[in-house]
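dropping the sequence and predicted coords here.
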Amino acid sequence: MSLTNAQYNQIMRVYDERRMENNRNLENRRKKAYMNLPELKALEDLVRSESLKTLHLMKEGRKEKLTELKASIEKIGERKREILLRNGFPEDYLEPGYTCPDCKDTGFINGKKCHCFIEMQMKYLYQQSNIDKIVEKQNFDYFDINRYDNKVPILADGRTNRDYMAANLAFLKQWIRDFDKKGGSLMFTGSTGTGKTFLINCIAKALMDSFHSVIYLTSTDLFESFSKAMKKDDEEQQEIQEAILNCDLLVIDDLGTELNNSYTTSKLFYVLNQRMVFHKSVIISTNLSLNMIRDTYTERISSRIISDYCIIPLYGNDQRLY
Ligand SMILES: [Zn+2]
């Protein structure tokens, strides 16, 4: 897993800010309490001087003084709470406050990510994916097999579209379960309206929910982002480039709809190749057939896809109703 360094640092900054904010709030509460209740200040001063005294005595070897100090601090604490309560303050008014008491706003509990860290990480993964809103409605919960035709067999397959899609669905769910172990890449082919994008969004959401980073780009977005990144000093674009190469799953939707030239072809080969070398998964959707991919891009690209991708053709009836 799967956050970029920049994202990780951003999350850690959130924790820094939370701790600073909570410290400021505590400081303000202290000032207010001391102003209204000077005896509190006197008690805190007492704790400080008792602690110093004990420290000196312990240096002289009188270790038993520590236990006495603890007891006396506890007693003073009780008196402070009484004073607060008596004057209409909550008894924990002078305790440090935490946004997440479980990890005390450090993000970690015994070296493991706290639930608050995981939530934040999830938010980043969704935002970064470019489909954080869409997958609310386009996920496996909304996949209705009954929308697929159950009467006419598909010519190329022999099964009806419903049986065919049921088999695809089972395959894809297994593919997702095996994602960390096996990975691999997919290509959905088929004309507009066969439900390619919907299916991709289902997969993307399922993977994001298991803390994988997903980047979703139409092929036009992908190539635009490469041209933008050529201008140096664009830090955001550099980060996007890094994510395109390193995310757990890269989705290239609608390959073939971009304005295509030798530049896009070489970039496409670069991305597919890099990701293959580092065993990173890609899902491509396209209206193009493999022959058209060869003609539009190069033989190198089409043969790479044929050898490395599981190709899943999708058939009408029109699935745009989703
Ligand atoms: Zn936490």
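Here it is on my side, so go on.

use CA for all of it now, contacts and neighbours both
Noted.

what's the first helix or strand after the host helix or strand of Asn28?
Following DSSP states H and E, one finds Asn28 within helix 5-36. Going down the chain from helix 5-36, the next helix or strand is helix 38-59, by DSSP H and E.

now check the helix holding Asn28, is it near the ion?
No: contact of helix 5-36 with the ion (CA under 5 Å from the ion) is absent, the minimum separation being 9.4 Å.

could you check how far that helix is from the centre of its chain?
Helix 5-36 has its C-alpha centroid displaced from the chain centroid by 24 Å (CA atoms, centre = their mean, to the nearest Å).

which elements pack onto it?
Helix 5-36 is packed against helix 38-59, helix 115-129, with contacts defined by 3 or more CA pairs under 8 Å, 6 or more residues apart in numbering; DSSP states H and E.

can you give me the domain assignment for this protein?
Following automatic domain parsing, one finds the domains of the chain at 5-112, 130-321.

Gly316 - how many residues pack around it?
Using other CA atoms under 10 Å, Gly316 has 16 neighbouring residues.

give me the nearest residue to it, chain neighbours excluded.
Counting by CA to CA, 6 or more residues apart in numbering, Thr194 is the residue found nearest to Gly316 once chain neighbours are left out, at 5.0 Å.

how much space separates the one you found from the ion?
Distance, Thr194 to the ion, by CA to the ion, to the nearest Å: 43 Å.

which one of the domains of the chain is the most hemmed in?
domain 130-321 (a mean of 17; mean count of other CA atoms under 10 Å).

about what we covered before: mean confidence for the helix holding Asn28?
The pLDDT scores in helix 5-36 average 91.

next: stretch 315-322.
Averaging pLDDT along stretch 315-322 gives 54.

do the same with stretch 194-203
For stretch 194-203, the mean pLDDT works out to 92.

alpha carbons only: can I get it in PDB?
Extracted as PDB, the C-alpha positions of stretch 194-203 are listed here (Å, rounded to 0.1, in the frame of the first residue of the first chain):
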ATOM      1  CA  THR A 194     -22.000  -2.300 -23.300                       C
ATOM      2  CA  GLY A 195     -21.200  -1.300 -19.700                       C
ATOM      3  CA  LYS A 196     -17.400  -1.200 -19.900                       C
ATOM      4  CA  THR A 197     -17.000   1.900 -17.700                       C
ATOM      5  CA  PHE A 198     -19.600   0.700 -15.200                       C
ATOM      6  CA  LEU A 199     -17.700  -2.600 -14.800                       C
ATOM      7  CA  ILE A 200     -14.400  -0.800 -14.400                       C
ATOM      8  CA  ASN A 201     -15.900   1.500 -11.700                       C
ATOM      9  CA  CYS A 202     -17.200  -1.600  -9.800                       C
ATOM     10  CA  ILE A 203     -13.700  -3.100  -9.800                       C
END
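
which residues of the stretch 51-200 of the chain lie near the ion?
Cys100, Cys103, Gly107, Cys114, Cys116.

run the last query once more with 8 Å
99-109, 113-117 (CA under 8 Å from the ion).

for this structure, which residues score under the pLDDT cut-off?
By pLDDT under 70, the low-scoring segments of the chain are 1-2, 232-236, 317-322.

hmm, back to that, report the two of the residues of the stretch 51-200 of the chain next to the ion separated the most.
For those, the farthest-apart pair by CA to CA is Thr99 and Lys113; their separation is 15.4 Å.

now do the same contact list for the spatially most central residue of the chain.
Among the residues of the chain, the one closest to the centroid is Leu125, at 2.4 Å (CA atoms, centre = their mean). By CA atoms under 8 Å, 6 or more residues apart in numbering, Leu125 lies in contact with Leu3, Met208, Phe211, His212, Ser213, Val214.

many thanks, we can stop here.
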